[in-house]
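**Student:** just need the structure, nothing else, for what follows:
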Amino acid sequence: MPSLVLLQRDHEASPRLAALIAAAPGFRVAGTVHTAEEARVLIARTNPDILVTDLRVQDGPVDGLLGDLRQGGRRTRPQVLVTLMSHDDAVLLQALRAGADGYWVHANSPEALIESLQEVARGESPMSPMIARQVLSHFESPAHRRLADTMTEALNPLVLTGMERQILQWLAQGYLIDEIAQQWHASVHTVACGIRRVYQKLQFDIRANGLSMN
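**Tutor:** Down below sits the predicted model:
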């Protein structure tokens, strides 16, 4: 069954992107909206699988909407693919903190948008070396460890597993996901899903205690 995609953008290229997504195998467009309030209505009405959104639309930043979607739980909310003007790490980090599951940069090709949608639909996520270093540094900080120690490890969403830590270390060194998979004798999907779990822990950590990566 095709994945249902809702497009939320304040940009003149929205009709072109909607047509591009609709023409791609495995995807169907639920509609295009220009405000977070319109998105809330259409999400409730159509239950899309993926929300493609800018970080800011006509009625302001989408952080509040993404936060509300996170509260709904992984089974009830759409996966989120944010569209960005550049690969700026601060902007990407903001998107991850808000609840993004993947991203597409406007300067990239239209084919890259479809590839990003396919990644998100498979439960995979990318991560740049800079963000990997920042996230790894955060999870290893003394302040974070003190907070994590207050919970039992088996139930602790604030602690990285050995696999997740190793993936971050390789990403921080500049390894690509397929290179990590080869080193580990694992599938690309396994590595990409490990990155997605780190995203989820990062977002939980923000809700639990806030996150500072200056």
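**Student:** contacts, neighbours, all on C-alpha from now
**Tutor:** Fine.
**Student:** can you list the buried residues in the helix or strand Arg133 falls within?
**Tutor:** Take DSSP states H and E as the rule and Arg133 turns out to sit in helix 129-140. Residues Pro129, Met130, Ile131, Ala132, Arg133, Gln134, Val135, Leu136, His138, Phe139 are the ones in helix 129-140 that count as buried (16 or more other C-alpha atoms under 10 Å).
**Student:** of those residues, the lowest pLDDT goes to which?
**Tutor:** When these are compared by pLDDT, His138 scores lowest at 74.
**Student:** roughly how far apart are that residue and Thr32?
**Tutor:** Distance of His138 to Thr32, given as C-alpha to C-alpha, to the nearest Å: 37 Å.
**Student:** from the contact counts, what lies against the one helix or strand Leu96 maps to?
**Tutor:** Per DSSP H and E, Leu96 falls inside helix 89-98. Contacts defined by 3 or more C-alpha pairs under 8 Å, 6 or more residues apart in numbering; DSSP states H and E place helix 89-98 against helix 63-71, strand 79-84, helix 129-140, helix 188-209.
**Student:** and of the ones you listed, who's closest to Leu51?
**Tutor:** The minimum distance between Leu51 and the helices and strands packed on helix 89-98 falls on strand 79-84, with 4.9 Å, by C-alpha to C-alpha.
**Student:** and the closest one, what does it pack onto?
**Tutor:** Partner elements for strand 79-84 (3+ C-alpha pairs under 8 Å, 6+ apart): strand 50-54, helix 89-98, strand 102-105, helix 110-121.
**Student:** got the contact list for the residue nearest to Ala112 when sequence neighbours are not counted?
**Tutor:** Using C-alpha to C-alpha, 6 or more residues apart in numbering and skipping residues adjacent in sequence, the residue nearest Ala112 is Trp104, 7.2 Å away. Contact analysis of Trp104 by C-alpha atoms under 8 Å, 6 or more residues apart in numbering lists Leu81, Val82, Thr83, Leu84, Ala112, Leu113, Ser116.
**Student:** roughly how far does Trp104 sit from Val80?
**Tutor:** Using C-alpha to C-alpha, Trp104 is found at 11 Å from Val80.
**Student:** so where's the chain uncertain?
**Tutor:** Where the chain drops to pLDDT under 70, the residues are 11-13, 72-76, 89, 141-158, 204-214.
**Student:** how does it divide up, domain by domain?
**Tutor:** Recorded structural domains for the chain (assignment: automatic domain parsing) are 3-121, 129-209.
**Student:** so what's the residue count around Leu176?
**Tutor:** Leu176 has 16 neighbouring residues, counting by other C-alpha atoms under 10 Å.
**Student:** let's have the helices and strands packed on strand 79-84 in a markdown table, adding distance to Gln71.
**Tutor:** Output for the helices and strands packed on strand 79-84, formatted as a markdown table (distance: least, C-alpha to C-alpha, whole Å):
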| stretch | distance to Gln71 |
| --- | --- |
| strand 50-54 | 16 |
| helix 89-98 | 12 |
| strand 102-105 | 18 |
| helix 110-121 | 19 |
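**Student:** of the ones you listed, which is nearest Ile180?
**Tutor:** Closest among these, using C-alpha to C-alpha: helix 110-121, at 16.7 Å.
**Student:** what angle do that closest one and strand 50-54 make?
**Tutor:** Per axes from the mean of the first three to the mean of the last three C-alpha atoms, to 10 degrees, the angle that helix 110-121 makes with strand 50-54 is 130 degrees.
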